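**Student:** task: produce atomic coordinates for the following.
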Amino acid sequence: METIDWSKLGFDYHKTDWNVRYSYTDGKWSEMEVTQDEYIKMHMSASCLHYGIELFEGLKAFRGVDGKIRLFRVEENAHRLQSSAKRLCLPVPTTEMIVNACIEVVKRNEAYIPPYGTGASLYLRPVMFGTTVGLGVKPAKDALLIVYASPVGAYFKTGIKPIMVALDREQDRAAPRGTGDVKVGGNYAASIFSGENAHRLGYSNVLYLDAAQHKYIEECGAANFFGIKEGKYITPKSPSILPSITNKSLRQLASDMGLVVEERPIPLEELGTFEECGACGTAAVISPIGKIFDMQTNKVYEYGTEVGKVSMELYTRLQDIQYGRAEDTHGWNTIIE
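**Tutor:** Residues are numbered from 1 along each chain as shown. Just a heads-up that it's a prediction; the model follows:
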């Protein structure tokens, strides 16, 4: 294993030693295969390549202050993967299969789990796709589930700080009654165009409105949105929003802190009333939003250049649980022995 400068890691693929795989064919799943092969042999007419029959997950393992390795909310990721598989008419792996695969990958790649104090972690990527050969649009009868890992650096290298976000009224992330509430690759492909437009203007992310009426806040790039005001943690409720495991955790922590938690439609006009707002997801935990720029009207919403008090406390509480600095009262961590 090469020497890794943990401080220079970004959020990108870094080779590790092992990955695990299950294949589904002839109506049944194989036993877990452990391999060092990073590549997949696939037919050019495999259904995933033509019709987007693909899904994935993302979760992290942390080396704690006590030296123990903690895998965060792995069963929640397993359940969400199962929901995505059902939506794409793919064979559904069991929770035990998914959890065991993640644990095996962490154990096999323990040398790549960054030391405590670096802010870095081991990112796990379960990915599943249909491999049936054919030309027609139909469910895949064959599938491959892979779980691999990559060490990733701290999202904010110099400490958590607010980002600038662009509101785009002309691009939609996902349609109502579509696949916005499951973690499939097509949702992310659809966001690249508007994301690049925002980046060219100097903004970190895109804030989307609902595709039906363009009146309500939906997602912030690949992350959930939340707003803080009047002692409340408010996050959008919509059938086209991915149910974020980080957001679910933050809602619980907000309740623990005495905040009123509201999951409801958030009208665009309410943006100006928030004391704090942010995006939340596995990569950054919380990305506080300091400014939102409406690309079509040029209206600007300002939230300050410093991280809000509530957002900072939520971020700290969640990270303390993930790194073992605080008691895991909700049973979110799986300790890897």
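
**Student:** mean confidence score for stretch 179-189?
**Tutor:** Stretch 179-189 carries an average pLDDT of 96.

**Student:** so what touches that stretch?
**Tutor:** Outside stretch 179-189, the residues that touch it by Cβ atoms under 8 Å, 6 or more residues apart in numbering are 52, 54-57, 80-81, 83-84, 87-88, 173-174, 218-219, 222, 238-243. Where you see a C-beta, it was placed from the backbone N, CA and C, and this is true even at glycine.

**Student:** name the surrounding residues that touch stretch 295-309.
**Tutor:** Contacts of stretch 295-309 (Cβ under 8 Å, 6+ apart): 160-162, 166-170, 197-198, 201, 228, 271-272, 274-278, 288-294, 315.

**Student:** thinking again about what came up before, are any of the contacts of stretch 179-189 buried, and which?
**Tutor:** Buried subset of the contacts of stretch 179-189 (neighbour count, 16 or more other Cβ atoms under 10 Å): 52, 54-57, 80-81, 84, 88, 173-174, 218-219, 222, 238, 240-242.

**Student:** helices - which of those residues land there?
**Tutor:** Judged by DSSP state H, the buried ones among the contacts of stretch 179-189 include 80-81, 84 as members of helices.

**Student:** now those in a markdown table, with distance to residue 329?
**Tutor:** Shown next, in a markdown table, are these (distance: Cβ to Cβ, whole Å):
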| residue | distance to residue 329 |
| --- | --- |
| 80 | 23 |
| 81 | 26 |
| 84 | 29 |
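
**Student:** now these in a markdown table, with distance to residue 266 and pLDDT?
**Tutor:** Below are those laid out as a markdown table (distance: Cβ to Cβ, whole Å; pLDDT from 0 to 100):
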| residue | distance to residue 266 | pLDDT |
| --- | --- | --- |
| 80 | 23 | 98 |
| 81 | 28 | 98 |
| 84 | 25 | 98 |
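
**Student:** how's the protein carved up into domains?
**Tutor:** Per the record, the chain has its domains at 6-152, 163-322, by automatic domain parsing.

**Student:** what about the shortest one, start to end distance?
**Tutor:** So that's domain 6-152. 8 Å (Cα to Cα, to the nearest Å).

**Student:** what is the mean pLDDT for the helix or strand that residue 198 is a member of?
**Tutor:** In the assignment (DSSP states H and E), residue 198 maps to helix 192-200. For helix 192-200, mean pLDDT is 93.

**Student:** with stretch 211-228 instead?
**Tutor:** Averaging pLDDT along stretch 211-228 gives 96.

**Student:** distance between it and the chain's centre?
**Tutor:** Centroid separation for stretch 211-228 versus its chain: 15 Å, with Cα atoms, centre = their mean, to the nearest Å.

**Student:** buried ones in it?
**Tutor:** 211, 216-228.

**Student:** can you put those residues in CSV and add distance to residue 130?
**Tutor:** Below are the buried residues of stretch 211-228 laid out as CSV (distance: Cβ to Cβ, whole Å):
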residue, distance to residue 130
211, 26
216, 33
217, 33
218, 28
219, 26
220, 30
221, 27
222, 23
223, 27
224, 28
225, 31
226, 34
227, 38
228, 41
